[in-house]
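**Student:** turn this into a structure:
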Amino acid sequence: MAPGELRELFLFEKLDAEQLRWLSGRGRREQRAGGTAVYREGEPATCFYVLLSGAVALSRVLHGDDVEVSRTEQRGVYAGATQAYLGDRVDQVYKNSLRAVSDAEFFVLPADEFATAVRTWFPMALHLLEGLFFGSRAANSLVNERERLLALGSLSAGLTHELNNPAAAAVRATEALRDRVAGMRHKLALIADGRLDGTRLHQLVELQDTAVKQAAAAPALSAMQTSDAEDELSDWLEERGVAKPWDIAPTLVAGGVGVPWLATVADTVGEAYLDSAVRWLAYAIDTELLMGEIDDAVTRVSDLVGAAKKYSQLDRAPQQTVDVHELLDATLTMLRAKIPAGIGIVKEYDRTLPEIPAYGAELNQVWTNLIANAVDAMGASGTLTVRTWAEDGRRLLVEIGDTGTGIAPEVRPRIFEPFFTTKGVGEGTGLGLDISYRIVVNKHHGDIRVESRPGDTRFIVCLPMVQEPDGGATDGRPGAAPGAPGPWAGSA
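**Tutor:** Coordinates of the predicted model:
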């Protein structure tokens, strides 16, 4: 191209005559037929393209589909090796694909020549661009780590709180159990002091075994049924001279004991030993109930530790075949302390979905961010919905829905931008959705869709069921060249 023609392009209009001659001697014209590819995402970035005529479309590969992000026929727009000036400090590959929609003509400059021009003609601008690019990348890395540490601290606090409840319950039950066992020994000594023959003592031990089995299988009673049963037992015991029957009646009722069974005890030991026998049996029932509490508490601790293990994926390789439902359940368990009691959780899992290749720990970070945002949007009450299903037999979809206020239309285009947040100062870093986007799109070659209206907001994560090759992309979001409305291969 002649230097005068180059000056007509807005990208080169401020260059001097010598610079234009330099470009004219090193660049070339190229034609592309309509419908053909100018370059493809992931290929080595060898050229810088400036549109002279025709129409072009810029696209990105998302979970296997080529998604068009912009289309233009404006003369002078550019794309291609726009980061060549950074040299080998970044991967020099095309960040997107460019296609000629109609017959198109380009001014093409080799990538190394474009890099030379930028370094030589604009040294100050080069320093600013390098500082912006590498400084932003370093800052993002540090802030991302800070975001992860804050999330880890919050999750650790929640897990500690969740572990403390069953652990404290086990300690209380153990202390009470010690007292009950001591009481059993004392009452047994009163019963078996030689005045109760061996046959009756043997029958009493059998009754104790029956009482323990009844306690383990005792049906749940309503508050009214429990109160009536306790009154009936208290009256029956008081009529037979048992001291303070109201103290032991609740334990007997909890163990499924009724008046007919107590009558059998009275026939076995006689009225004289009924008080000691009933209390001994009450101790046995209470002991069984306390051991059940300890078992429940220890099981709860074990479940929480298991959930934390699944959440962290510390014993697994970074990438492995995972059950998405296990990851979701582990995340919900870890976040339980942060979800208000007024928020209901609805799970709609398609259990027929296969396991998929993924980075489990990083997907858990995505679920954490999306669920935490959903909870924040609802406040103290609402419904959190977690749903899974398949699409086209090739993609697994996970939907996190809430009944919060929704996302305002003017805000929605910016929600995946780094540092953008609608929360107050100090309440959010604005990186949760940015991190989630990069994990899903860049690392898993998936996509995140958003549907929102007041009372119904849904984030839908699309994950491929089979691993796709990495196209070399570093960010799936289209950028925009400063001062130019055309295609842009990546932001510096």
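
**Student:** now do the helices in this protein.
**Tutor:** For the chain, the helices defined by DSSP state H occupy 3-7, 17-26, 111-121, 123-191, 198-216, 223-239, 245-254, 259-269, 274-312, 324-334, 360-378, 432-437.

**Student:** weakest of these in terms of mean pLDDT?
**Tutor:** Among the helices of the chain, helix 123-191 has the lowest mean pLDDT, at a mean of 66.

**Student:** adding distance to A408 and mean neighbour count, write the helices of the chain out as a markdown table.
**Tutor:** C-betas here are computed from N, CA, C, even on glycine. Shown next, in a markdown table, are the helices of the chain (distance: least, CB to CB, whole Å; neighbours: other CB atoms under 10 Å):
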| stretch | distance to A408 | mean neighbour count |
| --- | --- | --- |
| helix 3-7 | 44 | 16 |
| helix 17-26 | 46 | 15 |
| helix 111-121 | 39 | 17 |
| helix 123-191 | 24 | 14 |
| helix 198-216 | 56 | 15 |
| helix 223-239 | 47 | 15 |
| helix 245-254 | 54 | 20 |
| helix 259-269 | 66 | 16 |
| helix 274-312 | 32 | 19 |
| helix 324-334 | 27 | 20 |
| helix 360-378 | 12 | 22 |
| helix 432-437 | 15 | 22 |
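
**Student:** nearest to L353, out of these?
**Tutor:** The closest approach between L353 and any of the helices of the chain, judged by CB to CB, belongs to helix 324-334 at 6.9 Å.

**Student:** hang on, the earlier thing: will you turn the helices of the chain into CSV that also has distance to I400?
**Tutor:** Compiled in CSV, the helices of the chain are given as follows (distance: least, CB to CB, whole Å):
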stretch, distance to I400
helix 3-7, 51
helix 17-26, 51
helix 111-121, 42
helix 123-191, 16
helix 198-216, 40
helix 223-239, 37
helix 245-254, 41
helix 259-269, 52
helix 274-312, 16
helix 324-334, 9
helix 360-378, 4
helix 432-437, 10
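
**Student:** quick one: which of the ones you listed is nearest G35?
**Tutor:** That would be helix 111-121 among these, by CB to CB, at 25.2 Å.

**Student:** what's the angle from that closest one to helix 17-26?
**Tutor:** If you take axes from the mean of the first three to the mean of the last three CA atoms, to 10 degrees, helix 111-121 sits at 170 degrees to helix 17-26.

**Student:** what are the boundaries of the strands in the stretch 351-492 of the chain?
**Tutor:** Assigned by DSSP state E, counting those that start in this stretch, the strands in the stretch 351-492 of the chain fall at 356-358, 381-391, 395-402, 447-453, 456-464.

**Student:** of all the ones you listed, which one is nearest E348?
**Tutor:** When those are compared by CB to CB, strand 381-391 sits nearest E348, at 4.1 Å.

**Student:** quick revisit: any chance of TSV for the strands of the stretch 351-492 of the chain, columns distance to V108 and mean neighbour count?
**Tutor:** TSV is the format used below for the strands of the stretch 351-492 of the chain (distance: least, CB to CB, whole Å; neighbours: other CB under 10 Å):
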stretch	distance to V108	mean neighbour count
strand 356-358	39	19
strand 381-391	40	17
strand 395-402	37	21
strand 447-453	32	16
strand 456-464	34	20
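
**Student:** that older thread, nearest to V398 among the helices of the chain would be which one?
**Tutor:** Going by CB to CB, the one of the helices of the chain nearest V398 is helix 324-334, 6.2 Å.
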